[in-house]
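*Asks:* after the sequence you'll find the predicted model.
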Amino acid sequence: MKFRSKRIGLPHHVSESLNDVMGQYQKIPGFQICVLQMKWEEIVGPDIAELIKPTKWFKGVLMVSTTSASAKFTLSYKLPVVIDQINKHFGKTAVEKIRYERKYSM
């Protein structure tokens, strides 16, 4: 007696299922910071992702931590571009301002 697998239409990788689930939860405000943290390098690029990391997100203000005070200074002129990249990713005006946390650790 032979059994045939009837797994037609199922994702081949767990990552495909996770992407579907993540897409559903992106609309929940508290979950958006998790999505942002997971896709941070993809959204802002490796150079910026190396220097700042998102920590909190509340009412359009994204809090980030930096590697150093010099990183904060270096990125000060790139913040409008970072905000634009985040908003493009979420398809709406999700972030209006970026503020730095006082601690400089990663």
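*Replies:* Okay, I see it.
*Asks:* and residue 70, how close does it get to residue 61?
*Replies:* 23 Å (CB to CB, to the nearest Å). (C-beta placed from N, C-alpha, C; glycine too.)
*Asks:* if you could redo that for residue 92, that was the one I meant.
*Replies:* 15 Å.
*Asks:* so between these two, which is more surrounded?
*Replies:* residue 61 (12 against 8; other CB atoms under 10 Å).
*Asks:* beta partners of that one?
*Replies:* residue 58, residue 97 (DSSP bridges).
*Asks:* residue 99 is in contact with that one, correct?
*Replies:* Yes: applying CB atoms under 8 Å, one finds residue 61 in contact with residue 99, separated by 6.0 Å.
*Asks:* buried sites along the helix or strand hosting residue 32?
*Replies:* In this assignment (DSSP states H and E), residue 32 forms part of helix 29-38. Neighbour-count burial for helix 29-38 flags 32, 33, 35, 36 (criterion: 16 or more other CB atoms under 10 Å).
*Asks:* perfect, I'm done here.
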